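Asks: Sequence and predicted model, in that order:
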Amino acid sequence: MMHALALDMPFVEGETMDTNINTAGMDDMKIRLSTLWIFVLFNMVYADIISLMDPVAPIRRAMAGTPMSQGFLLTGAILMETSIAMVLLSRVLHHKANRWANIIAGAINIVAVITGGPTSLYYIFFAAVEVVGMLFIIWFAWKWTNPEGQARS
């Protein structure tokens with residue numbers, strides 16, 4: 001028995017699947033932005049993991065007994081949580097809020113990545129990849145027009 005593999009082939013006698021859905025652009029952009037945040041996060045986390053092996057990285061100095069202030073640690077936690085939250089928020093926020101959240105969170109995180117962290121070659125490499133990822137986030141969010149059929153929010 002032959003199965004219907006193409007979307008335009010009938011699934012039920014006399015019916016075809018309608019592949020022209022007006023809201024696909026909205027969902028596609030949400031998925032794209034969320035996936036880019038995941039990409040950025042993996043780079044951030046792996047840069048931090050590698051910095052555990054770097055004897056001059058701030059985390060190693062802290063592990064050796066040089067204390068880090070609570071304010072510094074809280075700032076780091078807030079910045080990381082912002083990126084983590086954007087994975088979810090990119091999928092659930094409505095168009096207008098989603099665009100602005102991605103643009104603002106991307107810009108704030110670019111500043112944090114550029115101004116924070118060690119100046120080791122590996123960290124500069126990861127920072128460059130992270131910044132490029134966040135520039136894509138900002139670019140896609142900026143160019144994202146309100147999908148047809150969607151209420152403005």
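Replies: On my side now, so go ahead. Quick caveat: nothing in here was measured; it's all calculated off a predicted structure.

Asks: Need the three-state assignment for M53.
Replies: Under DSSP: H, G, I helix; E, B strand; the rest coil, the three-state class of M53 is coil.

Asks: before we move on, what SS does P118 have?
Replies: Assignment for P118 (three-state DSSP): coil.

Asks: just for the protein, where's the confidence low?
Replies: When residues are selected by pLDDT under 70, those of the chain lie in 1-26, 60-61, 147-153.

Asks: Distance-wise, check the residue nearest in space to the middle of the chain relative to M68.
Replies: In the chain, the centroid-proximal residue (Cα atoms, centre = their mean) is W37; its distance is 1.0 Å. Counting by Cβ to Cβ, to the nearest Å, the gap from W37 to M68 is 26 Å. (Glycine included, C-beta is placed from N, CA and C.)

Asks: before we move on, what about G117?
Replies: From G117 to M68 the distance is 13 Å (Cβ to Cβ).

Asks: Report the separation between L74 and F140.
Replies: 30 Å.

Asks: So these two - more neighbours on which side?
Replies: F140 (17 against 10; other Cβ atoms under 10 Å).

Asks: residues making contact with whatever helix or strand that one lives in?
Replies: Take DSSP states H and E as the rule and F140 turns out to sit in helix 121-143. Applying Cβ atoms under 8 Å, 6 or more residues apart in numbering, the external contacts of helix 121-143 come out as 29, 32-33, 36-37, 39-40, 43-44, 46-47, 50-51, 54, 57, 98-100, 102-103, 106-107, 109-110, 113-114, 117.

Asks: List buried residues within those residues.
Replies: Listed as buried from the contacts of helix 121-143 are 29, 32-33, 36-37, 39-40, 43-44, 47, 51, 57, 98-99, 102-103, 106, 109-110, 113, 117; burial here means 16 or more other Cβ atoms under 10 Å.

Asks: If you count neighbours, what's buried in stretch 70-87?
Replies: 79-80, 82-83, 86-87.

Asks: Work out the gap between that stretch and the centre of the chain.
Replies: From the chain centre to the centre of stretch 70-87 is a distance of 14 Å (Cα atoms, centre = their mean, to the nearest Å).

Asks: can I have it written out in PDB, keeping just the CAs?
Replies: C-alpha atoms of stretch 70-87 as PDB (Å, rounded to 0.1, in the frame of the first residue of the first chain):
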ATOM      1  CA  GLN A  70      27.300  39.700  46.000                       C
ATOM      2  CA  GLY A  71      26.500  42.600  43.600                       C
ATOM      3  CA  PHE A  72      28.800  41.100  40.900                       C
ATOM      4  CA  LEU A  73      27.300  37.600  41.300                       C
ATOM      5  CA  LEU A  74      23.700  39.000  41.300                       C
ATOM      6  CA  THR A  75      24.500  41.000  38.100                       C
ATOM      7  CA  GLY A  76      25.900  37.800  36.500                       C
ATOM      8  CA  ALA A  77      22.800  35.800  37.500                       C
ATOM      9  CA  ILE A  78      20.400  38.400  36.200                       C
ATOM     10  CA  LEU A  79      22.200  38.600  32.900                       C
ATOM     11  CA  MET A  80      22.300  34.800  32.500                       C
ATOM     12  CA  GLU A  81      18.600  34.500  33.600                       C
ATOM     13  CA  THR A  82      17.600  37.100  31.000                       C
ATOM     14  CA  SER A  83      19.100  35.000  28.200                       C
ATOM     15  CA  ILE A  84      17.500  31.800  29.600                       C
ATOM     16  CA  ALA A  85      14.100  33.500  29.900                       C
ATOM     17  CA  MET A  86      14.300  34.700  26.300                       C
ATOM     18  CA  VAL A  87      14.300  31.100  25.100                       C
END
